[in-house]
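Undergrad: return atomic coordinates for the entry below.
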Amino acid sequence: MLINRFRRFVLFVVFVTRLGGSTRFPNDSLARSEREVKYLIFPQGSNVQLVYCLTMSTYTKPQGMFTIGVTAGLAWELPHRNTVPYRKPAEVYHRRSRRELYRKVELMLKTQARDGRACILKAICKAAKRRREDVGKGSFVEEILHAIFTLPGGWYDIDPMTEYERTYHLGENCDEAYAKCPDLF
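TA: The predicted structure follows:
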């Protein structure tokens with residue numbers, strides 16, 4: 001019984017000292033401590049890949065079945081250092097990574113005997129013209145293409161405007177301006 005009272009007394013003293021000690025700071029001594037920056041890093045050489053495969057089958061005579069497949073793949077390197085090379089807003093990084101993606105898609109379209117630049121600019125123009133009410137109501141492929149070719153908003157002096165951004169903000173007639181690309185993907 002005496003031990004139980006002693007335990008309760010010790011718990012009470014600990015509780016009061018903890019509670020009392022945390023509320024007695026004068027306003028000038030409160031300082032916000034900096035949080036440690038954490039990075040998500042991967043082993044060197046790691047990458048993430050986006051692969052789109054389209055397979056179409058049809059019946060033919062006399063063999064019976066004909067199948068054709070088209071595959072497109074993209075890969076991005078994952079960070080392997082715990083530092084950011086440039087201290088710029090996240091939108092700048094997103095713009096630059098999109099530009100790299102657009103250049104790669106241009107090259108892919110050139111291998112298919114198309115004007116890659118005109119097709120990319122036409123896709124960006126069409127994404128800019130799409131009404132907000134229509135977003136989310138298209139097919140899966142339409143929504144993916146809209147997400148890829150819609151540019152993030154904002155202007156940054158540290159990131160000069162390219163032809164992609166100018167096309168997105170001009171608002172011209174896409175079919176007339178980019179007639180070299182008769183159809184999109």
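
Undergrad: and Leu151, that one's in a helix?
TA: No. Leu151 is assigned coil when assessed by DSSP: H, G, I helix; E, B strand; the rest coil, not a helix.

Undergrad: number of residues surrounding the residue found closest to it once you drop the neighbours it is linked to in the chain?
TA: Nearest residue to Leu151, sequence neighbours excluded (CB to CB, 6 or more residues apart in numbering): Tyr168, at 4.8 Å. In this view, the C-beta of every residue, glycine as well, is placed from N, C-alpha and C. The number of residues packed around Tyr168, counting by other CB atoms under 10 Å, is 20.

Undergrad: lowest-confidence helix or strand of the protein?
TA: helix 2-22 (a mean of 68; mean pLDDT, DSSP states H and E).

Undergrad: helices or strands next to the helix or strand that that one is followed by in the packing?
TA: The C-terminal neighbour of helix 2-22 among helices and strands, as given by DSSP states H and E, is strand 47-58. On a contact count with 3 or more CB pairs under 8 Å, 6 or more residues apart in numbering; DSSP states H and E, strand 47-58 meets strand 66-77.

Undergrad: and the residue nearest to Leu151, helix, strand or coil?
TA: Taking three-state DSSP, the label given to Tyr168 is helix.

Undergrad: tell me the contacts of it?
TA: Neighbouring residues of Tyr168 by CB atoms under 8 Å, 6 or more residues apart in numbering: Ile124, Cys125, Ala127, Ala128, Leu151.

Undergrad: hmm, Ile144 and the third one touching each other?
TA: By that I understand Ala127. No. The pair Ala127 / Ile144 is not scored as a contact, 11.2 Å apart, by CB atoms under 8 Å.

Undergrad: between those two, tell me which one has more neighbours.
TA: Using other CB under 10 Å, the more surrounded residue of Ala127 and Ile144 is Ala127, with 19 against 13.
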